[in-house]
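Enquirer: okay, predicted coordinates and the sequence, questions at the end:
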Amino acid sequence: MKKLLLIAAFALVAAADFFAIDFNLTFDEGLSYAQVTRIEKLEDRSNFVRENMMAGAYFSMQTHGLPDFNFQLDISAYYPFYQAFNGMKQKTKNIINYAFDGYLGTYYVYDKIKYVNITASIGMHYMYQLTDEWHMHYLGLGVTTGIELPVSPGWTIVNRNYFSYDNANLGKNKTIQPFRASYQYHINLGVRYSRKVRNSYSYIGGDQ
């Protein structure tokens, strides 16, 4: 997956050179936490609420210098370490449960505050999750917000948090185990280094 992202990045850079656009890419990666909630509606009793807490890692790519909008792509992989049913902890039946997550959206950076950048984004979210019950596919709308701390001109600590509201009834799941609603919350914490996209202000190295 990472090789495909790098190939796509090189293609974007080549296209930018062809059209004389001042275009750059940045990459960050680190640790990630996710909480997934699925609500199963029932007519004759209280709804079933299933939750998964997962830990993993993420990789992110951002564009810089495009004429109208810049984009970010986040890819994550998770292992569920805790699951609950209607608030009660449940024992995992399948020890090889896992999840892969993707987010693609336009993003904005507010950099008017020295030494702290505020980021925001809106886009599309997709997750595949293997649970004890089924192979789950989620597709929906996501929003992100976060902060970036410029440690040095090239190094940045990145925090990104996003919330998504998803349709969890894709494929056979809509007839086998349909859910009324599903939503997720993710926290990413990582680092970024860039030689071309430099921090105007930084804690180490002074102002540029």
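Expert: Perfect, I can see it now. Numbering: from 1, shown residues only.

Enquirer: tabulate the CA atom coordinates of the helix or strand containing Gly142 in CSV.
Expert: Assignment of secondary structure by DSSP states H and E places Gly142 within strand 135-150. The C-alpha trace of strand 135-150 is given here as CSV (Å, rounded to 0.1, in the frame of the first residue of the first chain):
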residue,chain,number,x,y,z
HIS,A,135,-16.7,-8.7,7.9
MET,A,136,-17.7,-5.1,8.2
HIS,A,137,-17.4,-2.4,5.6
TYR,A,138,-18.0,1.3,6.6
LEU,A,139,-18.4,4.2,4.2
GLY,A,140,-19.3,7.7,5.2
LEU,A,141,-18.4,11.3,5.8
GLY,A,142,-15.5,12.4,8.1
VAL,A,143,-14.2,15.6,9.6
THR,A,144,-10.8,16.2,11.2
THR,A,145,-9.2,18.8,13.4
GLY,A,146,-5.8,18.9,15.0
ILE,A,147,-2.6,20.8,15.8
GLU,A,148,0.9,20.8,14.6
LEU,A,149,3.9,21.8,16.7
PRO,A,150,7.0,23.0,14.8
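
Enquirer: next, the angle strand 135-150 makes with the following helix or strand past it.
Expert: Once strand 135-150 ends, the next helix or strand along the chain (criterion: DSSP H and E) is strand 155-167. With axes from the mean of the first three to the mean of the last three CA atoms, to 10 degrees as the basis, strand 155-167 and strand 135-150 are set at 150 degrees to each other.

Enquirer: before we move on, what SS does the spatially most central residue of the chain have?
Expert: For the chain, the residue nearest the mean C-alpha position is Asp74 (4.6 Å; CA atoms, centre = their mean). Under DSSP: H, G, I helix; E, B strand; the rest coil, Asp74 falls in the strand class.

Enquirer: how close does the residue of the chain most remote from its centre sit to Asp166?
Expert: With distances taken as CA atoms, centre = their mean, the residue sitting farthest from the centre of the chain turns out to be Asp44, at 36.6 Å. Distance, Asp44 to Asp166, using CB to CB, to the nearest Å: 26 Å. The C-beta positions use only the backbone N, C-alpha and C, and glycine is treated the same way.

Enquirer: what about the helices in the protein?
Expert: 2-18, 173-176 (DSSP state H).

Enquirer: which of those helices has the lowest average pLDDT?
Expert: Looking at the helices of the chain, the lowest mean pLDDT belongs to helix 2-18 (a mean of 49).

Enquirer: ok, Tyr103 - how many residues close by?
Expert: With neighbours defined by other CB atoms under 10 Å, the count for Tyr103 comes to 25.

Enquirer: was I right about it contacting Leu141?
Expert: No. With contact taken as CB atoms under 8 Å, Tyr103 and Leu141 are classed as non-touching, separated by 10.3 Å.
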